[in-house]
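Participant: Here is the input, now give the coordinates:
(chains A and B)
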Amino acid sequence: MPKRFLSLCFHSLSTDWLVIKKPELKGKAFVLAIPERGRMLVHASSKEALDRGIFPGMVVADARALFPSLEVFDHDPQLEGRLLTALARWCIRYTPVSAVDFPDGIILDISGCAHLWGGETAYLEDICFTLRNKGYSLSAAIADTIGAAWAIARYGQGIRIAAPERQRECLLPLPPASLRLEPNLLQLMKKLGFKNIGQFIDLPPSTLRRRFGEGLLVRLGQALGTEYEFVEPVQPVKSYREELSCMEPIFTLTGIELALKRLLEVLCRRLVKEGKGLRTGVFSGLRVDGEIVHISIGTGSASQRPSHLFKLFELKLSTLAPGMGIELFTLEAPLVEDMEGVQESLWDAVNHDQQAIVELLDNIAGKVGMDAIHRYLPQEYHWPERSIKPVPFLQGQPDKPWPSGISRPLHLLPQPEPISVMVHLPDYPPRHFRYKGKIYKVVKADGPERIEQEWWLQNGPPRDYYRVEDEEGIRYWVFRLGLYGEGEPQWFLHGLFA
Amino acid sequence: MVSARPICLKVNSIFFYFIANYFPSMDYSELQVTTNFSFLRGGSHPEEFVDRAIALGYKEIAVTDRNTLAGIVRAYTAAKGKAIRFIPGCRLDLLDGPSLLAYPTDKEAYAHLSSILTKGNLRAEKGECHLYKEDVYEQSKGLKFIVIPPDHLNEHYEFDPGFVKTLMEYKEAFNQDIYLRASFSYSGDDHKKLYRLSQLAAQLEAPMVATSDVYYHVKERRELQDILTCIREKCTIHHAGFLLHANAERYLKPLEEMHRLFREFPDAIYRNKEIAEACQFSLDQLKYQYPEEITSGGRKPQDELIHLTWEGAKERFGDHIPKNIQSTLQYELDFIQQKNYASYFLTVYDLVRFARERGILCQGRGSAANSVVCYCLGITSVDPSKFKLLFARFMSDARNEPPDIDVDLEHERREDVMQYIYEKYGRDRAGIVATVTRVHWKGAVRDVGKAMGLSLDAVDKLSKSEYE
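Facilitator: Modelled structure (predicted):
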């Protein structure tokens, strides 16, 4: 059966995605930015930003100079890859062979699929309509070859479907860029005045090879169908799942433990082999009475150590009610991550410590939940809210040391909370303060520590921070926003010392 | 009821008496001022500091730039004739110890301070000054020193033991009173720091002195100073982080505010007065001192000048010197004698003589060059009998400044003359005059743009724009 391919091209994948996620951004000028050599560069701009002359590759500070109320979001370099993979999976409903085509497209092998939708035109329209409804701006084309479909999707004016074996005619008026050539090759062709494929398609291959190298011939062949091209379809996720059926129903804790250990060993062996580590795990038991009971765990960083994973499960084993007995155990790892085997160094104890902390945290998380554990790294800002940044659990190391010589509370409230105070003017610590209806008498105090607004980020009055201690010996971090004599200062509670 | 009144009055008067004694007068002198002559550190001109200090009612203000005295001239000129006394000073940043603020009490001490700086400058690359403790020990006579303590206490809320050790060393080496700098910087630990300082002061008998550690004359200059920091550290404002100061407290504060901040340590304010009183040296005391020129035949400079002038006159005018020329010459020579400028004329004469001998083209000009004496000595070639030259207009008693003769030399052979000067007077006594240059508009826009994180293209466009 002759092959047919469909190429999808997303025009503004990352910005479209952000608008879908945050509908309030619709119609606004915003950009996604990535840091590069200490500057923020525009990675992608919304349509409104493009209209204002803000293009990818610009420095964000310049873009802000052009349009001050521009909204800037951090760009995740892996975002496009993830989105394309997800979309390619979604496309499996149209054909089983769906592949990601970096950086902005998807290739579908639709051989023998289109008739189910009533022909290629209807098929194409269905895909485009559904995706556009989701909020993506895209173009698509169908042709005999991947190359031709790719070219027509991106450069074919008005044409959407190249009839079988007619890709050659469709390609003739298209520019050389539609052949997926290297930039320097394109530069060369532009210099020589080749504006469309028709100008050189009939030149003898030996001439083309001598002049432009093998690359052009391969790409031309792929577009015309003389060279074969493969796609690597996104595969449904391999499930990491092990089963253990028992001769007799098991209802003792020892028995369950044994089953768990055996399953963990098998699963971990497989994880090690494939270079993966477990992030979440579910241990289920099929009971004799037909009920399924399960317990699940999560880890802070990928792990493939049975003993550690066992410990995590062990905390919850008591909640697994065996009832009349369990006849089939399954262990599944719904979430795994790539994991490099760690080379243990002989003398360095740091790795061991790190490993120990990871495992300790997993144990704590098993008891209180992952959400209750936070990690922060220092940022070089004087303004307290900006001086720390939350980081994913156990990932990333501080690139700067924590500042010494200044005292900061262990517990910083998410928002400063207003308090009313009795205080001497102009800058003495409060004598009493009232917080949530209760009055605290200050017996000891230190300060003020005056922190001005970081003027390049925002303007406003400074804060004067005080450390105060009440009669019970509890220490608070309070501040006054503004100075007496300049407007109406307000007082806030911002943190608690241990 | 009747008897209650006098008592009431008495209480009142005691209270007033107490107030009057407790605050004899709101007096305080700013002794630590960093101007923009500490390059890319200070945010205000010396003149701005002086004017602001006058407005706030300061009686004295010092300027202490980092390893330089360059800023004191501007401050001195700004303070001249105004209701403020200017104290010259310098912050000595040492490579092997805590920084010192140094103030000369007299002219000799000023000479010591200058030679310490010269030593440091000669040792290092242009723009740097490498000083060591030893340099200061050698020439500390007559200088008042304030030691600058570390910004923060260590984790035990104490001063670094190394600092205390050096402090003792300073105390011994200077063999006189040294003072400890106490500043209220609003960094949260000020009370602890001041308390530790007061302990240290009592223990070492090195009294505390209050300063504000001023970098700009008004609060509003903080943004400018932050940008200067970025330019100095070659980073953008977004990456400067802790290089910037957390607050804008390093400005000249009102006198009452200083008294309020140091209410627990009023001594620190009085000591401040003590230093200000002791440092009576003023730039007024500096006079031009011209060295005696080497003469031939054991003559005094004036005699030598008279001799050479008449010799020259004979060459220029022949044996019969016109009467009016004779009288002008006599008048000029008398004036030169009265002002004691003979050596200066001889120096210039010697340079010109050397240049002529070597066939180097040269031509004199300037206020003193309009004289018949210069014409006779061959320094200028404009015949004063043909042109009406007004020597007296440029050099007179009313115009109280030294004479000025510029000698323009053929630039390709300027080096020859320079080498001659070095050889004649010695390398350590001859120098090239340095000038302080300002950052120009274009460069300033470029630097600020870079510090704000604009791209090079945008900075280029801005700096080339016509906007003024």
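Participant: Give the burial count for residue A:405, as a bare number.
Facilitator: Neighbour count for residue A:405, taken as other Cβ atoms under 10 Å in any protein chain shown: 13. C-beta: built from backbone N, CA, C; applies to glycine.
Participant: isn't it right next to residue B:150, touching?
Facilitator: No. Contact criterion Cβ atoms under 8 Å: residue A:405 and residue B:150 do not qualify, at 9.2 Å.
Participant: per-residue confidence for residue 95?
Facilitator: Picked chain A for this. Looking at residue A:95, its pLDDT is 82.
Participant: The chain in question should be chain B.
Facilitator: Residue B:95 is assigned a predicted lDDT (pLDDT) of 93.
Participant: do you know how far it is from residue B:164?
Facilitator: Distance, residue B:95 to residue B:164, by Cβ to Cβ, to the nearest Å: 19 Å.
Participant: Ok, residue B:77 next?
Facilitator: According to Cβ to Cβ, residue B:77 and residue B:164 sit 41 Å apart.
Participant: Find the nearest non-adjacent residue to residue A:106, please.
Facilitator: With sequence-adjacent residues excluded and distances taken as Cβ to Cβ, 6 or more residues apart in numbering or on different chains, residue A:106 is closest to residue A:8, at 4.4 Å.
Participant: and the closest residue to residue B:131 other than its chain neighbours, how many neighbours?
Facilitator: In this structure, residue B:131 finds its nearest non-sequential neighbour in residue B:120, 4.1 Å apart by Cβ to Cβ, 6+ apart. Per other Cβ under 10 Å, the neighbour tally for residue B:120 reads 22.
Participant: what comes up buried for stretch A:251-263?
Facilitator: Residues A:251, A:255, A:256, A:259, A:260, A:263 are the ones in stretch A:251-263 that count as buried (16 or more other Cβ atoms under 10 Å in any protein chain shown).
Participant: In PDB, please show the C-alpha coordinates belonging to it.
Facilitator: Included here for stretch A:251-263 are C-alpha records, laid out as PDB according to Å, rounded to 0.1, in the frame of the first residue of the first chain:
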ATOM      1  CA  PHE A 251      -2.900 -12.700  55.400                       C
ATOM      2  CA  THR A 252       0.200 -12.300  57.700                       C
ATOM      3  CA  LEU A 253       2.300  -9.300  57.800                       C
ATOM      4  CA  THR A 254       5.400 -11.400  57.300                       C
ATOM      5  CA  GLY A 255       4.000 -12.900  54.200                       C
ATOM      6  CA  ILE A 256       3.100  -9.500  52.700                       C
ATOM      7  CA  GLU A 257       6.500  -8.200  53.600                       C
ATOM      8  CA  LEU A 258       8.100 -11.200  51.800                       C
ATOM      9  CA  ALA A 259       6.000 -10.600  48.700                       C
ATOM     10  CA  LEU A 260       6.800  -6.900  48.700                       C
ATOM     11  CA  LYS A 261      10.600  -7.700  49.000                       C
ATOM     12  CA  ARG A 262      10.500 -10.100  46.200                       C
ATOM     13  CA  LEU A 263       8.600  -7.800  43.900                       C
END
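Participant: Figure out how far it is from the centre of its chain.
Facilitator: From the chain centre to the centre of stretch A:251-263 is a distance of 37 Å (Cα atoms, centre = their mean, to the nearest Å).
Participant: wait, residue B:68 sits on residue B:128?
Facilitator: No. Residue B:68 is beyond contact range of residue B:128, at 11.0 Å (criterion: Cβ under 8 Å).
Participant: which one of these two has more residues nearby?
Facilitator: Taking other Cβ under 10 Å, residue B:68 and residue B:128 do not tie; residue B:68 has more neighbours (19 against 10).
Participant: which one among the buried residues of stretch A:251-263 gets closest to chain B?
Facilitator: Nearest to chain B, judged by Cβ to the nearest Cβ, of the buried residues of stretch A:251-263 is residue A:260 at 47.3 Å.
Participant: Test my guess that that closest one contacts residue A:330.
Facilitator: No. Look at residue A:260 against residue A:330 with Cβ under 8 Å: they stay out of range, at 10.9 Å.
Participant: so what sits against both of these two?
Facilitator: Jointly contacting residue A:260 and residue A:330 under the rule Cβ atoms under 8 Å, 6 or more residues apart in numbering or on different chains are residue A:283.
Participant: could you measure whichever residue of the stretch 251-400 of chain B sits closest to chain A against residue B:210, distance?
Facilitator: For the stretch 251-400 of chain B and chain A, the shortest gap (Cβ to the nearest Cβ) falls at residue B:260, measuring 8.4 Å. Here residue B:260 is placed at a distance of 11 Å from residue B:210 (Cβ to Cβ).
Participant: Comparing those two, which residue is more hemmed in?
Facilitator: Taking other Cβ under 10 Å, residue B:260 and residue B:210 do not tie; residue B:210 has more neighbours (27 against 13).
Participant: Would you tell me what the next helix or strand after the longest helix anywhere in chain A is?
Facilitator: Longest helix in chain A, counting residues (DSSP state H): helix A:253-274. Sequence order places strand A:276-287 as the next helix or strand after helix A:253-274, per DSSP states H and E.
Participant: does the residue of the stretch 251-400 of chain B closest to chain A sit in a helix, a strand or a coil?
Facilitator: The three-state label given to residue B:260 by DSSP: H, G, I helix; E, B strand; the rest coil is helix.
Participant: quick one, helices of the stretch 51-200 of chain A?
Facilitator: Listed in chain order, the helices of the stretch 51-200 of chain A (DSSP state H, counting those that start in this stretch) span residues A:60-66, A:79-90, A:120-134, A:146-155, A:167-171, A:183-192.
Participant: contacting residues around the closest residue to residue B:51 other than its chain neighbours?
Facilitator: In space, and not counting its chain neighbours, residue B:51 is closest to residue B:78: 6.8 Å by Cβ to Cβ, 6+ apart. By Cβ under 8 Å, 6+ apart, the contact list for residue B:78 reads B:46, B:47, B:50, B:51, B:86.
Participant: ok but residue B:78 is inside a strand, no?
Facilitator: No. Counting by three-state DSSP, residue B:78 falls outside a strand, being helix.
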